[in-house]
Structure formats: C-alpha cells, structure tokens
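*Asks:* Sequence and predicted structure, then a few things I'm wondering about:
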Amino acid sequence: MGNAQCNSKKVLSVTELDAWKDLLKHHQSISNTSIPELFYNDPGRFETFHKSLEGLTLDYSKQRITTQTIEKLCTLARACDLENWRDQMFEGVHVNTTENRAVLHTALRNKDLKSLEVEDKDIVPEIKAAYKKMENFTTKIRAEGKFSRVVNIGIGGSDLGPHMVAEALKPFSDPNIKVHYVSNVDSSHLLETFKTINPAKTLFIITSKTFTTQETMCNAHTARKLMQKALGKDDVGEHFVAATQNIEEAEKFGITEEHIFPIWDWVGGRYSLWSAIGLSFCIAIGFDNFQKLLDGAYTMDKHFRNAPLEENIPVLLALIGIWNRNFEGSESLGIIPYDQYLYFLPSHMQQLDMESNGKSVTRYGTPITDYKTGPIVLGQTGTDAQHAFFQSVHQGTEIIPCDFIFSLKSQKPAAGHHYKLLANAIAQSKALMEGQSHDNPHKVFSGSRPSNTIVIEELDPYNLGLLMVMYEHKIFVQGIIWNINSFDQHGVELGKVIANQILHDLGDNDCKNAEPSKMDSSTAALIEMIKKTR
Ligand code: F6P
C-alpha cells in the first residue's frame, strides 16, 4: 500500500476551514451558558449525551456542549477527511507519513481478516503464526510450573502498556506466576526486583521492538550477569526470551530463534501490547483471556470503523477533547480511574496521548502557530487523586477536564467499600459541574467544570479491550483534526543523542564512538560534579 493521499484541503490550516470558523461563532454564542444551565434547560440531557457499546458507556452530558456543538464538531471532522484517513489506516495505507509506514495494530485484533498485503506480503499468516507461538509458549509455561516469576525488561510502549494490562487483570492471573516490570536504567529498579525473585524459577522477557534501546539493553545485560552469578553457570539461555523485530540483535544477545517472538514495523511501540510485546501478561492471564482482550479491542475497532460519527464513541470523545482544548482553552486532561486495578492507566495514557499528539508541526512539516495540539495528561486513581491535586481541579485558575472511569462491579468486594468508591467518583463530577456559591470567597466553587464519565460493567479482559481501544482511536481522530502525524516520536531522539555525548565525556565504555560535543557551562559543571564522585 502506498502513502496516504494528501487531500488538497490539508494544506489549509484547520483554523481556516469554514467548519472551524463556524465553531468559533457557535462558541461565542454559548459563551454565557454554564453546564448547570444546560441541565436546567434540558433535564433529560443524559439521554442525549451518552452512548453505550456493550459493557462500556460514555456519559458526556457534563460537558459545556449542545446538540449543535456535536453537529458542528462532526462537520469539522468530515471537513478534515476523518473517515477517509480512518479507512486508510485500517487498509494498511502508509498513514505514518513521516516514517512512510503502515499503522496496523488493528490488524492484530481482527480475527476475521483473511489477508492484508503490506509491502507485497500478506501479513495475516504471520500474525496467526505469531499468536500460535505465543499460545504454545504461554500454555507450556503455565502447565510446567518451572517458572514462578516473569520479569519483563522493556521501556516506553514495551513496558507501560503490558504493565498496565498486567495490573488491570491481576484478578484473572495465575496466582502461581508473579509478573514484574523493570524499565528504568537506574540499577535500583533491576536490583530491587532481583532481590524478590528466585533466579532458578525466573523467566526474563526482553521486550524491545528495536533491541537497541539503551535502558533495555543495559538492564538485559546486567540481568544476565546477575543470573549467571546466581545460578553459577554461563549458560542461562533457558531463562531469557525476547519479543522484538530485530532478530539479529536478539540472537547476538544469545536468545535462540525458538524463543524470539516477532513484532513488525507496522505496530507502533505505544500500540504494541496487542502483539508479543504483551507476552508477560499473556503468561499471567493465559491465552484465552488474552484472546478476550483482543476480542474487546476488535469490537471497538468495528464500532469505530462503522458507526456514524455522531454515534461513534471514540470520535465523540475526541471531538469533546478538541472542543475543550481549542475552543474552551483548556491545557490538560485528567485521567482518573476509580478502580485500583487501573492505577497504571494514567501512565500508559500519558505515553499514548502525549507521544502521539505532542507535536507542533503538521504532517507536512509546517509549523503549527494558530492552534493547540495534544493536552498535558495527568492522572491518578480516585479516591487518592482527591487528596492530592483535586483542590486545583475544583478551584484552580486552570480548567482541567477530567475523564472519570469506574466499573460497576468490584473485583475484590469488601463490605462498605465499593459504593463509597463509586459515590466519590460521581460526587466529583457533580461538584465540578454544579460548583457552590458562598459568602466566604475561599469556599466558592465556580462550577461549570467539564468531565466525562466512562462506566464499564466489570474490569474483565473484554471490557479492558473496549476501554483501551476507545482511547487509541480517540487520539488518532484528534491527530487527524490537528493535521499531525500521531505515529512518530522524533521528540524523544535529541535527548538520547546528547545523553550519549555526555556518557562519552564521562568516559563510559559503551560510548567510545559517540561524538564529543561542546557543553554549555551548566551542563559542563554538572558533568564535573558527576566525575568527582568517581
Ligand atoms: O520513547 C521512545 C520509544 O521509541 C517508544 O516509542 C517505544 O515504545 C520505546 O521507545 C521503546 O522502544 P523499543 O521497544 O524499541 O525498545
């Protein structure tokens, strides 16, 4: 499949589109209407502004929007050619234009896909073979009982997504297999983890699409040395497997082909939990549950691909985000799961959203000067968040739109807990929306602060698939409207290059070939401070 077609409209800034100008006028026309007034004028507002798909419901009634707002936002999405871009992504067109790549994590979830050509090669047999290999391996590990610990060594998308799923689906995990995640190059992370494991019963999975990421490779080499020492032998190969695209480097590391699980360049790092990069949690929950996760994801993919924009949950979520960011002027987005098992979700969402849409040039390389792109994503589980940064969410000068997420059913019920948890979630959105007047200015809550509520029936593998993919496609839609490439991440490169130059200056053996560079006085002084500790 070739490169994505550049619609002639795309050379215009999105702000020059009639649909955008119309939204500006509309925004002006409702500038004096608060969210409580919208509820007062339409007591049945929830009916109009919520959508459900199987076990997931999105309530967006506590947003400062009217039916006209949604219509106009959908007109904007159509003017940005959203449906065409969406179809091109699913069909394998190179929508990752800057890296000239297809974006096909959706193909991993599509069990009905018969064939799909990428660079003249049908990828469906490869996907099937990869899942079969994962299934066989997972089943064997769970049946044999040889390993009681699995340590995933990876970073970014090779850590955050799998780690989030492992935490979310702990109640579905084999109690005899504990999974750990080591990501940071700070040796404390690996050494503290190593202290808790029995080396003889531990399997390390090196997850790295490139197999060159500094942090991962450093941790992988140290882990092998620790294992060799602990087991008193050089050959510790049976304790190491890899998920990577770079088979050559994985083999050089000493992992045999039989223990290398594939990933392809059409799966981006932050979308890779659906591939063998998810092997760690797949071992924990078993392949049947992994398949249920894929099934939930596929249901949301089909909904995103087929539902009209006005009914389409990821599209609506994205358009509300555009409304808040570009018309209401909010800088950030709070992701607040009222579910302890989702405590890692905000971290995963930070990478998914900020690495995708934290861009300030269009996909064609022109600077973006007249509108804002991706928000600052922050988050924490409720109710903890209430006792941390919610003072600011309620009374700060910044408006922080929030997504409140909760499950109707508790996975670990104890008398008196779950209702308290859910009551708090709902109370927060109501307090933000209604506010409070008071004689004492310190006790005034301005109100009319927007939020979405996302309700899932139960946090099981299928519903987690629905939830994750809702956010993946939301971020895609926003990237299309902002006219950016959501699938590259050049912004992480410069720091890596400079870190190598600094390592060279510090005399690190791994960096003999790095180019020395001229250091400013601050950086040079900091390097000297570090050198003195030697
Ligand atoms: O942070 C940059 C990044 O390239 C992410 O996109 C990716 O998920 C992560 O590094 C890890 O990369 P790899 O899987 O190649 O080790």
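*Replies:* Everything's here; your move.
*Asks:* How about the contacts made by the residue of the stretch 251-400 of the chain found nearest the ligand?
*Replies:* Ranked by CB to the nearest ligand atom, the top residue of the stretch 251-400 of the chain for proximity to the ligand is G269, at 2.5 Å. In this view, the C-beta of every residue, glycine as well, is placed from N, C-alpha and C. Listed by CB atoms under 8 Å, 6 or more residues apart in numbering, the contact set of G269 reads 156-158, 209, 489.
*Asks:* Let's see that with 7 Å instead.
*Replies:* 156-158, 209 (CB atoms under 7 Å, 6 or more residues apart in numbering).
*Asks:* interface residues of the chain facing the ligand?
*Replies:* Within the chain, the residues that sit near the ligand (CB under 6 Å from any ligand atom) are 155-158, 208-210, 213, 216, 269-270, 355, 489, 492.
*Asks:* try it again with 5 Å
*Replies:* Within reach of the ligand by CB under 5 Å from any ligand atom, the chain has these residues: 156-158, 208-210, 213, 216, 269, 489, 492.
*Asks:* Would you check which pair of these lies furthest apart?
*Replies:* Greatest spatial distance among those (CB to CB): T216 and Q489, at 15.7 Å.
*Asks:* which one of those two has more residues nearby?
*Replies:* Legend: neighbour count by other CB atoms under 10 Å for T216 and Q489, higher for T216 (25 against 20).
*Asks:* my guess is the more buried one contacts I155, does it?
*Replies:* Yes. With contacts defined as CB atoms under 7 Å, T216 counts as touching I155 at a distance of 5.5 Å.
*Asks:* Let me see the ranges of the helices in the stretch 351-500 of the chain.
*Replies:* Taking DSSP state H, counting those that start in this stretch as the criterion, the stretch 351-500 of the chain contains helices spanning 356-357, 390-395, 418-434, 461-482, 493-505.
*Asks:* After the last one, heading C-terminal, what element do we hit next?
*Replies:* Okay, so that is helix 493-505. helix 521-532 (DSSP states H and E).
*Asks:* With only the CA atoms kept, save that next one in CSV.
*Replies:* What follows is helix 521-532, C-alpha atoms only, in CSV (Å, rounded to 0.1, in the frame of the first residue of the first chain):
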residue,chain,number,x,y,z
SER,A,521,28.7,26.0,31.4
SER,A,522,25.7,24.5,33.3
THR,A,523,26.0,21.1,31.6
ALA,A,524,29.8,21.1,31.9
ALA,A,525,29.7,21.9,35.6
LEU,A,526,27.1,19.1,36.2
ILE,A,527,29.4,16.7,34.3
GLU,A,528,32.3,17.7,36.5
MET,A,529,30.2,17.2,39.7
ILE,A,530,29.5,13.6,38.5
LYS,A,531,33.1,13.0,37.5
LYS,A,532,34.3,14.0,41.0
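*Asks:* Quick check: K72 touching H26?
*Replies:* Yes. Under the criterion of CB under 7 Å, K72 makes contact with H26 at 5.5 Å.
*Asks:* Who has more neighbours out of those two?
*Replies:* K72 (23 against 19).
*Asks:* check contacts around the more buried one.
*Replies:* Taking CB under 7 Å, 6+ apart as the test, what K72 contacts is 19, 22-23, 26.
*Asks:* Of these, just say which sits nearest to I498.
*Replies:* L23 (40.8 Å).
*Asks:* In which helix or strand does that closest one reside?
*Replies:* L23 belongs to helix 18-29, assigned by DSSP H and E.
*Asks:* ok, so what distance separates the residue in the stretch 401-534 of the chain that the ligand sits nearest to from G435?
*Replies:* For the stretch 401-534 of the chain and the ligand, the shortest gap (CB to the nearest ligand atom) falls at V492, measuring 4.2 Å. Using CB to CB, to the nearest Å, V492 is found at 40 Å from G435.
*Asks:* and those two? which has more neighbours close in?
*Replies:* G435 (19 against 10).
*Asks:* Tell me which stretches of this protein form strands.
*Replies:* Using DSSP state E, the strands found in the chain span residues 50-53, 56-59, 117-118, 121-122, 149-153, 178-182, 202-207, 240-244, 260-262, 332-338, 376-379, 402-409, 451-458.
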